[in-house]
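Peer 1: sharing a sequence plus its predicted fold:
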Amino acid sequence: MSLPNIPLSPFWMPFTTNQDFKANPRFIARAEGHYYWSDDNRKIYDSFSGLWTTGLGHCHPKIVEAVQKQVAELDYAMTFQMGNFKAFDLAERLCKMAPDGFEHAFFCNSGSEAVETALKIALAYHRAKGEATRTRLIGRERGYHGVNFGGISVGGISANRKTFSPCLIPGVDHLPHTFNLSESAFSKGLPKWGAHLADELERLCALHDPSNIAAVIVEPAAGSTGILPPPEGYLKRLREICTRHGILLIFDEVINAFGRIGASFAAERFGVTPDIITTAKGLTNGVIPMGAAIVTGEIYNTIVQGPPHIIELFHGYTYSGHPIAAAAGLATLEVYEEEGSFEEAKSLEPIFEEAIHALADHPKVIDIRNIGLMGAIELIPHEGGPGLRGLEAHKHCFWHEDMVIRNGADILQFSPFLNSKPDDIYMTFDKIRRTLDAII
Ligand SMILES: Cc1ncc(COP(=O)(O)O)c(C=O)c1O
């Protein structure tokens, strides 16, 4: 199979080194199960489950069938003042899967939109409660909350912020990140060091006064910044401080949810319940774009009141609750249950942990971190510049090891399928060792 000779310039690729890619393009033509096939018909192992999206494997037959059936039955209907059964059904299923007390889901199309939705709901909630001074939002250094203006404002990855810094939303502060090489390098699972960093929230409360603070948003286990599992006890402390001061706690579970850390949600895995959960990716196994902000009954009931002819929350997307996305979501949640995917992921965790940490002896490696089926290998940057070695590893894997990996600068990231076989995991890190030996 070979793709037609299409021009590469018109598609401005996201989060891509466009010049480098277009000089040396890597095309995927089809996918099935744990593999992609490239345009030159090589079978390529996907070590990243899409982009943290596709934990059940590509083209799962049940999800494919649900989408095919839905597109022929109801392709689209607006959800502004109208309903479609699939969206309502999915909201109910999703809330059932979420921790107790989560009773309502607001649908959108991506993780970025889920974050914007959650931040707006937090502001609307306090206002509806008569606490309209609570507008300040607190994120965390090295946090990733998508690419819209709210998300990059509370986010803490400088490359995503610097170009846009004059336009970031005002009234935002950041907690320190929890990464510390000298205290927690090569931690397996949760680092022992760092719970005290949650107390920085008390400092921000003292500085701004809690009456001005609306919400704190964190990824329970940070993903895109290079896998930073929360220090033991950290999330619990954040929860306690938020509760003490009437601040909403938002868990951004766009990556963490749906088995990625061996449970339906990180909230369940860590035994800490936030007030709002954002999610996307695994909600539809990546098949159709969809995100959601899931909230407690208390938040919904506080906002959704007043004269019945007035819209309670002026927010929504043309594709909120899209019937095809909802059909994909329903099929996906069913498969998670039928196949016991979250338990399967949990049982793979020790194998994954052992296999990834086996690379600790490699001279190009400065740290390895893991939680659930999320893992990172951090490389010593090449003297030619940060990011060079990581990109080389990605390209080498694609061309010479028939494997897709993701690199965030010099941090190689792994997100194996929830239904991986141990041999897939061993194979992945054998390929990585050869790659590290071979690259600059
Ligand atoms: C924690 C988190 N929040 C938000 C997003 C943004 O999601 P999307 O790319 O679907 O907008 C991501 C994407 O990786 C994410 O990891």
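Peer 2: Okay, I see it. All figures in this text were calculated on a predicted structure; none of them were measured in a lab.
Peer 1: what count of nearby residues applies to Ala128?
Peer 2: 18 (other C-beta atoms under 10 Å). (C-beta placed from N, C-alpha, C; glycine too.)
Peer 1: which residues of the stretch 51-200 of the chain fall in strands?
Peer 2: Here the stretch 51-200 of the chain has its strands, by DSSP state E, counting those that start in this stretch, at 102-108, 136-140, 172-175.
Peer 1: which helices and strands sit right next to the first one?
Peer 2: The elements that strand 102-108 packs onto, with contact taken as 3 or more C-beta pairs under 8 Å, 6 or more residues apart in numbering; DSSP states H and E, are helix 85-97, helix 111-128, strand 291-296, helix 297-303.
Peer 1: and the helices in the stretch 251-400 of the chain?
Peer 2: Using DSSP state H, counting those that start in this stretch, the helices of the stretch 251-400 of the chain run over 266-270, 297-303, 323-339, 341-357, 388-400.
Peer 1: show me what contacts the closest residue to the ligand within the chain?
Peer 2: Per C-beta to the nearest ligand atom, Gly111 is where the chain lies closest to the ligand, at 2.2 Å. By C-beta atoms under 8 Å, 6 or more residues apart in numbering, Gly111 lies in contact with His145, Gly146, Asp252, Val254, Thr278, Thr279, Ala280, Lys281, Gly291.
Peer 1: can I get these in CSV with pLDDT?
Peer 2: Below are the contacts of Gly111 laid out as CSV (pLDDT from 0 to 100):
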residue, pLDDT
His145, 98
Gly146, 98
Asp252, 99
Val254, 98
Thr278, 99
Thr279, 98
Ala280, 99
Lys281, 98
Gly291, 99
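Peer 1: farthest-separated two in these?
Peer 2: His145 and Lys281 (13.5 Å; C-beta to C-beta).
Peer 1: sorry, back to before: give me whichever of the strands of the stretch 51-200 of the chain is most buried.
Peer 2: strand 136-140 (a mean of 26; mean count of other C-beta atoms under 10 Å).
Peer 1: what residues does the stretch 1-150 of the chain put near the ligand?
Peer 2: With the criterion set to C-beta under 6 Å from any ligand atom, the stretch 1-150 of the chain comes near the ligand through Ser110, Gly111, Ser112, Val115, Tyr144, His145, Gly146.
Peer 1: once you drop chain neighbours, what's closest to the third one?
Peer 2: Think Ser112. Leaving aside its chain neighbours, Ser112 sits nearest to Gly146 (2.8 Å; criterion: C-beta to C-beta, 6 or more residues apart in numbering).
Peer 1: the residue of the chain positioned farthest from its centre and Leu238: what is the separation?
Peer 2: No residue in the chain has its C-alpha farther from the mean C-alpha position than Pro307, which lies at 36.9 Å (C-alpha atoms, centre = their mean). Using C-beta to C-beta, to the nearest Å, Pro307 is found at 37 Å from Leu238.
Peer 1: and which of the residues of the stretch 1-150 of the chain next to the ligand is nearest Pro231?
Peer 2: Proximity of those to Pro231 (C-beta to C-beta) peaks at Tyr144, which lies at 18.4 Å.
Peer 1: could you find the closest non-adjacent residue to that closest one?
Peer 2: The shortest distance from Tyr144 to any non-neighbouring residue, by C-beta to C-beta, 6+ apart, is to Ser224 (3.8 Å).
Peer 1: with Phe265 instead?
Peer 2: Among residues not flanking Phe265 along the chain, Ala257 sits closest, at 5.0 Å (C-beta to C-beta, 6+ apart).
Peer 1: count of residues packed around the one you found?
Peer 2: A count of nearby residues for Ala257, using other C-beta under 10 Å, gives 29.
Peer 1: what's the neighbour count on Ala345?
Peer 2: Going by other C-beta under 10 Å, the residues that sit close to Ala345 add up to 25.
Peer 1: got the contact list for Glu401?
Peer 2: Lys431, Arg434, Thr435.
Peer 1: which one (most neighbours) among the residues you listed?
Peer 2: With neighbours taken as other C-beta under 10 Å, the top of these is Thr435, carrying 21 neighbours.
Peer 1: the domain parsing of this protein - what is it?
Peer 2: Here the domain parsing of the chain from automatic domain parsing is 18-60+341-438, 64-339.
Peer 1: wait, which of those is closest to Leu8?
Peer 2: Among the domains of the chain, domain 18-60+341-438 comes nearest to Leu8, with 4.4 Å by C-beta to C-beta.
Peer 1: show me the contacts for Thr117.
Peer 2: Each residue near Thr117 by C-beta under 8 Å, 6+ apart is listed here: Phe106, Cys108, Thr278, Gly291, Ala293, His315.
Peer 1: could you do Ser112 as well?
Peer 2: His145, Gly146, Val147, Asn148, Gly151, Gly291.
Peer 1: scan those and report the most crowded one.
Peer 2: Counting by other C-beta under 10 Å, top hit in these: His145 with 31 neighbours.
Peer 1: with adjacent residues omitted, what lies nearest to it?
Peer 2: Gly151 (3.9 Å).
Peer 1: is that neighbour in contact with Ala114, as I believe?
Peer 2: No - using C-beta atoms under 8 Å, Gly151 makes no contact with Ala114, being 9.3 Å away.
Peer 1: next, count neighbours for Pro166.
Peer 2: That count, for Pro166 with other C-beta under 10 Å as the rule, works out to 5.
Peer 1: actually Ala215, not the one I typed
Peer 2: So Ala215, with other C-beta under 10 Å, has 26 neighbours.
Peer 1: point out where this protein drops to low pLDDT.
Peer 2: 1-4 (pLDDT under 70).
Peer 1: mind doing that once more with 50?
Peer 2: For the chain, the stretches with pLDDT under 50 are 1.
Peer 1: tell me which residue is most central in it.
Peer 2: By C-alpha atoms, centre = their mean, the most central residue of the chain is Ile255, 2.5 Å off.
Peer 1: residues touching that one, list them.
Peer 2: Trp52, Glu219, Ala221, Gly223, Ser224, Lys281, Met374, Ser415 are the contacts of Ile255 under C-beta under 8 Å, 6+ apart.
Peer 1: could you measure from it over to His315?
Peer 2: 23 Å.
Peer 1: same question for Arg42.
Peer 2: Going from Arg42 to His315 by C-beta to C-beta gives 45 Å.
Peer 1: now Ile299
Peer 2: As judged by C-beta to C-beta, Ile299 and His315 stand 13 Å apart.
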